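Engineer: give me the fold of what follows.
(2 chains)
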2 protein chains.
Amino acid sequence: MTSKAVFYHAGCPVCIAAERQFVDALDPSQYRVEVVHLGEQRGRIAEAEAAGVKSVPALVLGGLPFHINFGASMADVKG
Amino acid sequence: MTSKAVFYHAGCPVCIAAERQFVDALDPSQYRVEVVHLGEQRGRIAEAEAAGVKSVPALVLGGLPFHINFGASMADVKG
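Structural biologist: Okay, the predicted model is just below:
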């Protein structure tokens, strides 16, 4: 059975580089990965923050937030 | 064919949490993951820095460094 993983980003260059490497690197037999662009799906910012996301790109895996490098703070994403 | 991925850490609590989630989440058909504890394998600090690692935990994937959350700076690791 696979778990859901969510990769949150905001389209920044650091985000795109991380997305390409990380999303493809996860084991598809363990995770279904959803990619969410918070700049385009602003309705999901609250959900990301509730999961503990402080900056993007971030991957929520097993319910825990992992911030990967640093692209933009959530304050910047909210604008 | 699998590529090599290296997860560098220094035993800090943030490092251990990230290791458990990330190392197991990578697709074993794509990556062989080596875990390096820089506090115990100080001879590999230079290699990590050459790969662009600035803080731990970090995963070097496809030759690129990805810093995951923040456990300790390389300056702290060097002591």
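
Engineer: C-alpha from now on. contacts and neighbour counts both.
Structural biologist: Fine.

Engineer: just the helices in chain A please.
Structural biologist: For chain A, applying DSSP state H gives helices covering A:13-25, A:45-50, A:74-78.

Engineer: export those as CSV, with columns for distance to residue B:46, mean pLDDT and mean neighbour count.
Structural biologist: What follows is the helices of chain A, written out as CSV (distance: least, C-alpha to C-alpha, whole Å; pLDDT from 0 to 100; neighbours: other C-alpha atoms under 10 Å in any protein chain shown):
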stretch, distance to residue B:46, mean pLDDT, mean neighbour count
helix A:13-25, 23, 89, 17
helix A:45-50, 36, 97, 15
helix A:74-78, 33, 94, 13
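
Engineer: quick one: closest of those helices to residue B:11.
Structural biologist: For residue B:11, the closest of the helices of chain A is helix A:13-25, at 22.7 Å, according to C-alpha to C-alpha.

Engineer: report the distance from stretch A:56-68 to the chain centre.
Structural biologist: Relative to its chain's centre, stretch A:56-68 lies at 6 Å (C-alpha atoms, centre = their mean, to the nearest Å).

Engineer: can you tell me if that stretch touches chain B.
Structural biologist: Yes: interface with chain B: stretch A:56-68 contributes A:61, A:62, A:66, A:67, A:68 (C-alpha under 8 Å from any C-alpha of the partner chain).

Engineer: mind giving me the ChimeraX select for these, buried ones only?
Structural biologist: A single ChimeraX command suffices to select whichever of the residues of stretch A:56-68 next to chain B are buried according to 16 or more other C-alpha atoms under 10 Å in any protein chain shown:
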select /A:61,66,67,68
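
Engineer: among the residues of stretch A:56-68 next to chain B, which lie within strands?
Structural biologist: Among those, DSSP state E puts A:61, A:66, A:67, A:68 in strands.

Engineer: ok, back up a step: columns pLDDT on top of the residues of stretch A:56-68 next to chain B, output as a markdown table?
Structural biologist: Below are the residues of stretch A:56-68 next to chain B laid out as a markdown table (pLDDT from 0 to 100):
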| residue | pLDDT |
| --- | --- |
| A:61 | 92 |
| A:62 | 87 |
| A:66 | 94 |
| A:67 | 96 |
| A:68 | 95 |
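
Engineer: check the residues of stretch A:56-68 next to chain B and tell me the two furthest apart.
Structural biologist: For those, the maximum inter-member distance is 15.7 Å, found between A:62 and A:68 (C-alpha to C-alpha).

Engineer: kindly report the residues of chain A close to chain B.
Structural biologist: So far as C-alpha under 8 Å from any C-alpha goes, chain A lies against chain B at A:18, A:21, A:25-28, A:30-31, A:61-62, A:66-69.
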